[in-house]
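Colleague: Provided below are the primary sequence and the corresponding predicted coordinates.
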Amino acid sequence: MTADGWLEFEDGRAFSKPSPALDAQTGVDINGYGKYVLKKNPEVRLQDLREQLRGGA
């Protein structure tokens, strides 16, 4: 994750949203918010953080 909120791969590719990043990794259109998890706490998905920011949790 970059300082401005983009997902950046080790090869330098960067994505402003998680779903296109996951598509680039897998070749399949998948909801990245529901699949990406925190490295330090794999039980927490990006979707969970997104809901907290929106006041849903």
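Modeller: Structure's in. What do you need?
Colleague: need the strands for the chain, in chain order.
Modeller: Secondary structure of the chain (DSSP state E): strands located at 7-8, 14-15.
Colleague: nearest residue to the middle of the chain?
Modeller: residue 18 (3.9 Å; CA atoms, centre = their mean).
Colleague: pretty sure that residue sits against residue 32.
Modeller: Yes. At 2.8 Å, residue 18 counts as touching residue 32 under the criterion of CB atoms under 8 Å. (Each C-beta comes from the backbone N, C-alpha and C, glycine too.)
Colleague: and for these two, which residues touch both?
Modeller: Overlap of the contact sets of residue 18 and residue 32 (by CB atoms under 8 Å, 6 or more residues apart in numbering) consists of residue 46.
Colleague: pick the most deeply packed of the strands of the chain.
Modeller: Per-stretch averages of neighbours, counted by mean count of other CB atoms under 10 Å, single out strand 7-8 among the strands of the chain, with a mean of 16.
Colleague: what pairs with it, parallel or antiparallel?
Modeller: In the sheet, strand 7-8 lines up against strand 14-15 (antiparallel) (DSSP bridges).
Colleague: give me the mean pLDDT for the partner strand.
Modeller: In this model, strand 14-15 carries a mean pLDDT of 96.
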